[in-house]
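Peer 1: Below is the structure, and that's it, no one-letter string:
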């Protein structure tokens, strides 16, 4: 695939250095991701959207002290818990002051680190379930998954918006925890399980969405068990106890701070939330496959108390068909794409409106940050199967490869263009005004 067989042949004949080729993937990954997002270094703060209260006027930044730091480690702030993110801001501010370029550089560096972590994670997982003779090919496949994650236009909001740094930080700890857990499964050394638990705690200190990590731990157990690498036993169950104890604690503490509490009087009814969940699921998949007209704001189609158009029922049908497709993958033992799609579902589960969210928007690109990994695994599997199918049709195989390269190039260009639109609060709102509900327009006009 993608000329990999020719490269493998050259390596066997001594024409290429294997170590140099193995280094090529992460180098290309960093270069293309940097090309996609470097315009953010010239962007300003979003002074009319969260950067103001999260950073520029935040108490811990303006009045740093051990007492203030302890307060934010032990309290929610405006319905959110992100003390490590504020320490990250404090560190940058102490070195560079309120220089937006410094904060944007921090976000870009974190995204590059996360892209490498995705590459390492997929490669580590694959090395446990793929035969050794295919490990070199796996290296390139993992690189493609990481490349899509690195340059996809859906990632622009998380990278170009300084206040979204908590998503980048939580992803760093989450990916690190998943990597150490894979190493633990391979080595059985308890130190790596402890590191996974530590990464779980640190990720929650960046963003509450990290609470979902135990489900992906179970997903990895299932994957390795399916491929005969891990047997289910009492040990496997016992080692999950710390994760679920922490998850219950995180949930209980969040509820005490009114996060995730069902407000029956103001929330949408359950049947509308089910439709919103279906709509969000399908829209996220569509935006991944065809990332066009990406905006910073996507409003609800109705306000609470209004009836929902029958048109939205079609999204429930599509969501049902998507779940049937996943079921069929499992039935046909296509476990790798099933793993990818399940990974995707786990990381958007909390933003599908089954539990009401205190947000004005029905979807947000930043919610897809880690879910892009799962969809990337799935789409690379699809492409790989297409290339295998076209093995004896050289012209078709080159057409598929050329199309993929064209799409990836378009991703870099579009991400670069979108990043420039995040220059300030005025530029990101220009394309959104016609979509905003009247009450949101009123809020924006008062800012």
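Peer 2: Thanks, I have it. Computed from a prediction, not measured in an experiment: that's the story for all the values here. Residues are numbered from 1 along each chain as shown.

Peer 1: residue ranges for the strands of the stretch 151-300 of the chain, please.
Peer 2: Assigned by DSSP state E, counting those that start in this stretch, the strands in the stretch 151-300 of the chain fall at 298-299.

Peer 1: how about the helices of it, start to end?
Peer 2: With DSSP state H, counting those that start in this stretch as the criterion, the stretch 151-300 of the chain has helices at 156-160, 165-187, 190-204, 213-226, 234-238, 241-256, 270-289.

Peer 1: hey, least reliable of those by pLDDT?
Peer 2: Comparing mean pLDDT across the helices of the stretch 151-300 of the chain, the lowest value falls on helix 234-238: a mean of 82.

Peer 1: From the chain's centroid, how far away is that helix?
Peer 2: Distance of helix 234-238 from the chain centroid (CA atoms, centre = their mean, to the nearest Å) equals 29 Å.

Peer 1: hang on, the earlier thing: mind putting the helices of the stretch 151-300 of the chain in JSON lines, distance to residue 333 and mean neighbour count included?
Peer 2: Glycine gets a C-beta too; all of them are placed from N, C-alpha and C. Formatted as JSON lines, these follow (distance: least, CB to CB, whole Å; neighbours: other CB atoms under 10 Å):
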{"stretch": "helix 156-160", "distance to residue 333": "34", "mean neighbour count": "26"}
{"stretch": "helix 165-187", "distance to residue 333": "21", "mean neighbour count": "23"}
{"stretch": "helix 190-204", "distance to residue 333": "28", "mean neighbour count": "18"}
{"stretch": "helix 213-226", "distance to residue 333": "8", "mean neighbour count": "18"}
{"stretch": "helix 234-238", "distance to residue 333": "22", "mean neighbour count": "10"}
{"stretch": "helix 241-256", "distance to residue 333": "28", "mean neighbour count": "14"}
{"stretch": "helix 270-289", "distance to residue 333": "23", "mean neighbour count": "18"}
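
Peer 1: Report the separation between residue 142 and residue 125.
Peer 2: 8 Å (CB to CB, to the nearest Å).

Peer 1: just to revisit the earlier point, residue 130: which of the helices of the stretch 151-300 of the chain is closest?
Peer 2: Closest approach to residue 130 among the helices of the stretch 151-300 of the chain is made by helix 213-226 (11.9 Å; CB to CB).

Peer 1: Give me the contacts around that closest one.
Peer 2: 125, 128-129, 174, 177-178, 181-182, 185, 196, 200, 203, 230-232, 236, 240, 243-244, 247, 335, 339, 342-343, 346-347, 349 (CB atoms under 8 Å, 6 or more residues apart in numbering).

Peer 1: Skipping adjacent residues, who's closest to the residue nearest the centre of the chain in space?
Peer 2: Taking CA atoms, centre = their mean, the centroid of the chain lies closest to residue 370, which sits 1.5 Å from it. Of all residues not flanking residue 370 in the chain, residue 347 sits nearest, at 4.5 Å (CB to CB, 6 or more residues apart in numbering).

Peer 1: Verify the stated contact: the one you found with residue 366.
Peer 2: No: with contacts counted by CB atoms under 8 Å, residue 347 stays clear of residue 366, the gap being 11.8 Å.

Peer 1: neighbour-wise, which of those two wins?
Peer 2: Remark: of residue 347 and residue 366, residue 347 carries more neighbours, 25 against 20, as counted by other CB atoms under 10 Å.
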